[in-house]
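K.L.:
Next comes the sequence, and after it the predicted model I'd like to discuss.
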Amino acid sequence: MSEVIKNRYDFVYLFDIKDGNPNGDPDAGNLPRVDPETGHGIVTDVCLKRKVRNYVQFTRNDYGYDIFIKEKAVLNTMIDEAHAQDEVKSKEKGEKTEAARQFMCKKYYDIRTFGAVMSTGKNAGQVRGPVQLTFARSIDQVVPLEYSITRMAVATEAEAEKQQGDNRTMGRKFTIPYGLFRCHGFVSAPFAVQTGFSEDDLTIFWEALKNMFELDHSAARGHMAARKLIVFKHESPYGNAPAHRLFDMIKVKNSRSPARDFRDYEIEIPEQKALPPNIQLIEML
């Protein structure tokens, strides 16, 4: 595995969806998440991290790229596995937790990247991950739409008898016509030292952001795509400029209202000479 990262990174990530539901709210009947005061659409950081995890799980089979938070996982079983390792069992009682934490960081990509709480069973400590994401928010207001749909079948014979041969059943589908979402992210070099997050890990993370929607198509997210990934690389591990100052330099303007396509927006990206000293702008997508 390559060396631990030595630079801080801040990034702007733009993705869009057309006639789909980017992140349904289970407490609201799976309606698209919307800020009730402004009408802007919202996609949670948890949703985006899930897609990164899925991408790594699908595309990497090597040791060190397993996923801790995955479907049907029993977390305490994996923590117990760490405590069963010889390098953990051989430690003194007060050192076992740290040794288990190090084992978990080495084995699981998402722990090295996003962190994890591993004190639910045999204690493997807590890890604060070097990569953090904000909620994504749509550039413009979105209008959630509700569609009635029918299924030409029923689940049981009893239902068929009640409907006297007409086996249609009704359902609902929720979408937004179009939304361009903006997310901000941060990569901390000091926290990377604590988890062992490496240059190879960072390369895979960028790869996931660019391609994860291609592995996530569904009836609800048929037209969902990554559009822009603009990375600010700091010369210092602690940063050479405030993140908000850099983010403010990326401007997204609507040239048509209501927008129905990515081409309805103009993205303004500053030239290198306009950036603060010791900051490199990398347009990855």
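P.N.:
Everything's here; your move.

K.L.:
Now do stretch 172-186: distance to the chain's middle.
P.N.:
13 Å (CA atoms, centre = their mean, to the nearest Å).

K.L.:
so how far is the helix or strand encompassing K228 off the chain centroid?
P.N.:
Assessed by DSSP states H and E, K228 sits inside strand 223-234. For strand 223-234, the separation from the chain centroid amounts to 12 Å (computed by CA atoms, centre = their mean).

K.L.:
Strands along the stretch 1-150 of the chain, start to end?
P.N.:
Ranges of strands within the stretch 1-150 of the chain are 9-20, 24-25, 31-32, 40-43, 115-117, 126-128, 131-133, 136-141, 145-151, based on DSSP state E, counting those that start in this stretch.

K.L.:
Nearest residue to the middle of the protein?
P.N.:
Nearest to the geometric centre of the chain sits L48, at 2.0 Å (CA atoms, centre = their mean).

K.L.:
check contacts around that residue.
P.N.:
For L48, the contact set (CB atoms under 8 Å, 6 or more residues apart in numbering) comprises 133, 136, 183. To be clear about C-beta, it is placed using only N, CA and C from the backbone, and glycine gets the same treatment.

K.L.:
number of nearby residues for A208?
P.N.:
A total of 24 residues lie near A208 under the criterion other CB atoms under 10 Å.

K.L.:
So what touches stretch 200-215?
P.N.:
By CB under 8 Å, 6+ apart, stretch 200-215 touches 1-2, 5, 9, 13, 15, 51-52, 54-56, 58, 60, 65, 109, 112-113, 131, 187, 221, 224-226, 229, 231, 284-285.

K.L.:
one more time with 6 Å
P.N.:
Residues from elsewhere that reach stretch 200-215, judged by CB atoms under 6 Å, 6 or more residues apart in numbering: 1-2, 5, 51-52, 55, 58, 224-226, 229, 284-285.
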